[in-house]
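Student: I'll drop the sequence and a predicted model, then ask my questions.
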Amino acid sequence: MFLEGTFHIFLVYLLIFIAVISFPLIFKTQWKKLLNYFNKIELSQRRSKLLNFFLLCSSLGLIGGSILVISLFNENLFHILPDGETSFNLYASFAFLLLPFGFGLICAYGLLRNSIIKLGHFFLCLCCFLCMGFAGANFHDFLWCGLATKWYSVPLEAGYDLDLWINLFQSPTRDYRVFGFYMGIQVIIFCAYIILNLWRYFQGLPRHSNFLKIKLVLFGALLVSVLGLCLLIIDYPWNFGPILTALTVFLFIPLLSLLSWYIGKNIQILRKNF
């Protein structure tokens, strides 16, 4: 079994998962008190507008910068950046960290635009939005490792791209199958955090709001899955040609920005109308 010797890594992820689900499920009173404490701070209309402007500029800057760096690195596009560890780290930082972060900020912009929201609820939703983006990035990792190892049936040694994760968890192996498996677990952890916290956030709403809740779940799942597929196309140039890569970078990723904004907007509508 390719997971042999990685029980300590599984234990770490299990503890993280328990910590994620225990707070909103078990410590209900403490969870509510924490939200209420920050909800006492209500942003003024002026500060809301400033925060709105900051979220919009930051998100568009991160997404635009990520598109630029990806296009300069990708073999099917301009491929101006030289091959090597430094260029890869720059590309990976933008594609798998800053780009998902940008989508999370776009969601927050959709939530806050033309509305005043309490600070506790804002930070709660912002954390959920960021987790959506990172779940998409980790879903890409799971798919990438699956393709590279013929769906986890063939061992494949990783290069310097996994050094950070391997050193952090003291992994005894560099097999991409191990990394992909634990990235799948990270997707589950992120999704559990999103579902549980938004479930608490929407608790108490009338039954006839359930349709909008289901719609939000579907849009969130669409964002995670499509972002993962887009990053797979970008990061696996051997299987995808220049046309599909260009469409992904210059069309599909900007369209995902609109989807992110729409998710935040609908959460605002759901809370406001009910």
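Tutor: Sure, I can see it. Residues are numbered from 1 along each chain as shown.

Student: how about the contacts made by residue 254?
Tutor: 63, 67 (Cβ atoms under 8 Å, 6 or more residues apart in numbering). In short, each C-beta sits where N, CA and C put it, glycine included.

Student: at 6 Å what do you get?
Tutor: Listed by Cβ atoms under 6 Å, 6 or more residues apart in numbering, residue 254 has no contact partners.

Student: report how many residues lie close to residue 79.
Tutor: For residue 79, the tally of surrounding residues (other Cβ atoms under 10 Å) stands at 13.

Student: three-state assignment of it?
Tutor: For residue 79, the secondary-structure state derived from DSSP: H, G, I helix; E, B strand; the rest coil is coil.

Student: what's the pLDDT at it?
Tutor: Looking at residue 79, its pLDDT is 90.

Student: quick one, phi/psi of the spatially closest residue to it that is not a sequence neighbour?
Tutor: The shortest distance from residue 79 to any non-neighbouring residue, by Cβ to Cβ, 6 or more residues apart in numbering, is to residue 73 (7.1 Å). Main-chain torsions, residue 73, degrees, to the nearest 10: phi -100, psi -30.

Student: the helix or strand containing residue 133: how far from the chain's middle?
Tutor: Taking DSSP states H and E as the definition, residue 133 sits inside helix 119-148. Averaging C-alpha positions (Cα atoms, centre = their mean, to the nearest Å) puts helix 119-148 2 Å from its chain's average.

Student: pLDDT on that helix, on average?
Tutor: 93.

Student: buried residues in that helix?
Tutor: 120-126, 128-146, 148 (16 or more other Cβ atoms under 10 Å).

Student: quick one on the thing from earlier: tally of neighbours for the residue nearest to residue 79?
Tutor: Around residue 73 there are 24 other residues, counting by other Cβ under 10 Å.

Student: now the angle from whichever strand or helix holds residue 21 to helix 119-148?
Tutor: Residue 21 is located in helix 7-25, with elements delineated by DSSP H and E. Relative orientation of helix 7-25 versus helix 119-148 (axes from the mean of the first three to the mean of the last three Cα atoms, to 10 degrees): 150 degrees.

Student: enumerate the positions of helix 7-25 that are buried.
Tutor: 9, 13, 17, 20, 23-24.

Student: packing partners of it?
Tutor: Judged by 3 or more Cβ pairs under 6 Å, 6 or more residues apart in numbering; DSSP states H and E, the packing partners of helix 7-25 are helix 176-201.

Student: okay, residue 95 and residue 122: tell me how far apart.
Tutor: Distance, residue 95 to residue 122, using Cβ to Cβ, to the nearest Å: 27 Å.

Student: and what of residue 53?
Tutor: 15 Å.

Student: now residue 245
Tutor: Separation of residue 245 from residue 122 (Cβ to Cβ): 36 Å.

Student: repeat that for residue 37.
Tutor: 14 Å.

Student: what does residue 100 give?
Tutor: Distance of residue 100 to residue 122, computed by Cβ to Cβ: 19 Å.

Student: name the residues that touch stretch 6-21?
Tutor: 169, 178, 185, 189, 192-193, 196.

Student: now with 8 Å, please.
Tutor: Applying Cβ under 8 Å, 6+ apart, the set of residues contacting stretch 6-21 is 3, 169-173, 178, 182, 185-186, 188-189, 192-193, 196.

Student: cool, stretch 125-137 as well?
Tutor: With Cβ under 8 Å, 6+ apart as the criterion, stretch 125-137 contacts 95-97, 99-105, 107-108, 111, 186-187, 190-191, 193-194, 197-198, 201, 220, 223-228, 231, 260, 263-264, 267.

Student: of the residues you listed, which belong to helices?
Tutor: 99-105, 107-108, 111, 186-187, 190-191, 193-194, 197-198, 201, 220, 223-228, 231, 260, 263-264, 267 (DSSP state H).

Student: noted, bye for now.
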